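In: I would like to see how this sequence folds:
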Amino acid sequence: MNTSKYTLIFTIVLIILTSCSGGTTSSSLSTYSSPPTTSQPKPANFVVASIIPPQAGTNAGTPAPVSVVVSNTGEVGGSSSVILKVNGVDYSAQDVTLAPGESKTVVFQVTEPKQGTYILASGSVTASMSVTQLPMIQATLRLADLPAGFTPVSYAEIGVDLSILSSEFGGNKSDWFGFANTNNPSTFCFIFGLNMYPLTTLQQISFDSDIIVYQVNPAKAIQDFESGFGSSFTSYELLPALNKIGDKSLGLRCHLSESGINFILDAVMFRVADTVTVYYQMWIDGTGFNLPSETFVKLIESRIKAVVASR
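Out: Next up, the predicted model:
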């Protein structure tokens, strides 16, 4: 076998390939590169930046705004649920949608029934909220509770000696409320009263004892009421619905005549915890006036209970 012949042929082919490739056999390998990689955007990432508690002095039982500032630190938009915890317990949640890099303030209304310090938390951020006891002044009747036509009045304008009540029932504080509608006889009405507090335990027992006596002998209650009004009542009857207010109560409807005009007077006394309330509502008899005393008495009762519960 003539190997020199094949060697010559191989050499010639190699020279031809080399000249066609520009003088190097490795150029095709040196110019190859892998396809470029595409980086993925960072997904939405919701981070709580801060919690802004309500101002100091938030009253118990009153809604207070708590603001939570949340940001999206990702590179795409998204939605998430912002959860607010109070003392470690989920209180409320709101859904929020944010664009990349966007921030938003989410506002929660937080109501706590008792005074104290509450820990707010959302995400990894915490803050504290101070809640104070409801002031008893909020337990009185308010002008906004009444129909149009009523205006505030002082006890001096009505001519009732409230010092007799304060000295009789006790309590070193009292909150007066008084309103009148004198536009025309068909709507004529006086509403007035007093919250007295705080009664000592002995004063509470004394009040309850008086109520028991009055319920058995309403004439005794009428006699005491007349001394405060300086007027004589022509007749009276018990109001059963108003004898079940608070811890102990008495409700009477009295009839009296002044300057030839016949009046009806609802008189209610009741105690809730260490607070005693005396409520009067007077209107002209025979006018068809319809504004139930029970509605306002129960409203005052509920407000006193809210104050007591906030302690």
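
In: poorly predicted segments of the chain, please.
Out: 1-37, 158-170, 228-230 (pLDDT under 70).

In: show me where the stretch 201-311 of the chain has strands.
Out: With strands called from DSSP state E, counting those that start in this stretch, the stretch 201-311 of the chain shows them at 233-238, 248-258, 261-272, 275-284.

In: any idea which of the ones you listed is most buried?
Out: Of all the strands of the stretch 201-311 of the chain, strand 275-284 has the most neighbours on average by mean count of other C-beta atoms under 10 Å, namely a mean of 24. To be clear about C-beta, it is placed using only N, CA and C from the backbone, and glycine gets the same treatment.

In: pairing partners for that one, with directions?
Out: Using DSSP bridges, strand 275-284 pairs in its sheet with strand 189-197 (antiparallel), strand 261-272 (antiparallel).

In: quick one: the last one to chain centroid distance?
Out: The gap between the average C-alpha position of strand 261-272 and the chain average comes to 32 Å, counting by C-alpha atoms, centre = their mean, to the nearest Å.

In: send me it as PDB with only the CA atoms.
Out: Presented in PDB, the C-alpha positions along strand 261-272 are these (Å, rounded to 0.1, in the frame of the first residue of the first chain):
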ATOM      1  CA  ILE A 261    -102.700  76.100  82.500                       C
ATOM      2  CA  ASN A 262    -102.700  72.400  83.100                       C
ATOM      3  CA  PHE A 263     -99.300  70.700  82.800                       C
ATOM      4  CA  ILE A 264     -98.000  67.100  82.800                       C
ATOM      5  CA  LEU A 265     -94.700  66.400  84.400                       C
ATOM      6  CA  ASP A 266     -92.800  63.100  84.100                       C
ATOM      7  CA  ALA A 267     -90.300  62.800  87.000                       C
ATOM      8  CA  VAL A 268     -87.700  60.000  87.000                       C
ATOM      9  CA  MET A 269     -84.900  59.100  89.400                       C
ATOM     10  CA  PHE A 270     -82.500  56.300  88.700                       C
ATOM     11  CA  ARG A 271     -79.100  55.000  89.700                       C
ATOM     12  CA  VAL A 272     -76.400  53.400  87.600                       C
END
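
In: what residues are up against the residue nearest to Pro43 when sequence neighbours are not counted?
Out: Once flanking residues are discounted, Pro43 sits nearest to Gly74: 5.2 Å by C-beta to C-beta, 6 or more residues apart in numbering. Gly74 makes contacts with 41-45, 100, as judged by C-beta atoms under 8 Å, 6 or more residues apart in numbering.
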